[in-house]
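S.K.: Model the following, please.
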Amino acid sequence: MKSATQTARLLAARVGEHLSAKSMTMTTAESCTGGAVAETMTALPGSSSWFERGFVSYSNAAKVEMLKVSPLTLAKHGAVSEPVVMEMATGALQQSHAHWALAISGIAGPGGGTAEKPVGTICFAWLGRSAAVVTETRYFKGDRQSIRDAAVIHALEGLWACLLNELRD
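M.R.: Numbers count the residues shown, from 1 in each chain. Down below sits the predicted model:
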């Protein structure tokens, strides 16, 4: 059985090979994962050719300042919401030269959850310069690290699915 790190690195390698073959780059906008997707990507040799940059926007202020997330969107929906990750992904593309962005915001725990958004609630967005945004909310169980690991894997799986869909279009 592969560890979460091994699974994430295999997915990252697949994404990186595809991006490299297409002369494309990617960026990340991460909150609850604290840059773990970017770390997974940049751990791979040659990633500088396809990984453009990563934004760790843990606070709402960072989301507004770095990624141009609207304070009104944050106030209306909260940081852990599909509208916010959509704006995070859009901002990451606008603030970079990348072709693809993925964004993550969530509640990894052990505290911070509510009845509406329990611990393990993670929102994702994937956006390409020539592709429509895809958003999704998932619920992961476990401790803080296992939730973060699952979020990294899901983010990479989602990006891979978006890249495959682009090939079909």
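
S.K.: what's in contact with the helix or strand containing residue 8?
M.R.: Element membership of residue 8, judged by DSSP states H and E, is helix 4-21. With Cβ atoms under 8 Å, 6 or more residues apart in numbering as the test, helix 4-21 has contacts from 2, 25-26, 40-41, 43-44, 46-47, 49-51, 99-100, 146, 149-150, 152-153, 156-157, 159-160, 163. Heads up, the C-betas are built off the backbone N, CA and C, glycines and all.

S.K.: quick check: angle from the longest helix seen in the chain to helix 4-21?
M.R.: In the chain, with assignment by DSSP state H, the single longest helix is helix 144-168. Computed by axes from the mean of the first three to the mean of the last three Cα atoms, to 10 degrees, the angle separating helix 144-168 from helix 4-21 equals 30 degrees.

S.K.: how far out from the middle of the chain is helix 144-168?
M.R.: 8 Å (Cα atoms, centre = their mean, to the nearest Å).

S.K.: Report all helices and strands that that helix contacts.
M.R.: helix 4-21, helix 36-42, strand 100-106, strand 121-128, strand 134-139 (3 or more Cβ pairs under 8 Å, 6 or more residues apart in numbering; DSSP states H and E).

S.K.: Which stretch among those is buried most, on average?
M.R.: strand 100-106 (a mean of 28; mean count of other Cβ atoms under 10 Å).

S.K.: Tell me the spacing between the nearest residue to residue 32 once chain neighbours are set aside and residue 17.
M.R.: Distance criterion Cβ to Cβ, 6 or more residues apart in numbering; nearest residue to residue 32, sequence neighbours excluded, is residue 106 at 4.1 Å. Between residue 106 and residue 17 the distance is 28 Å, computed by Cβ to Cβ, to the nearest Å.

S.K.: now do residue 69
M.R.: 31 Å.

S.K.: Touching, residue 150 and residue 142? I think so.
M.R.: Yes - with contact defined as Cβ atoms under 8 Å, residue 150 reaches residue 142; the gap is 7.1 Å.

S.K.: Which one's more surrounded, these two?
M.R.: Each of residue 150 and residue 142 has its neighbours counted (other Cβ atoms under 10 Å); residue 150 has more, 21 against 14.

S.K.: Tell me which residues touch the more buried one, please.
M.R.: 4, 122, 138, 140, 142.

S.K.: Do you know the pLDDT at residue 57?
M.R.: For residue 57, the model assigns a pLDDT of 97.

S.K.: shouldn't it be in contact with residue 68?
M.R.: No - using Cβ under 8 Å, residue 57 makes no contact with residue 68, being 10.5 Å away.
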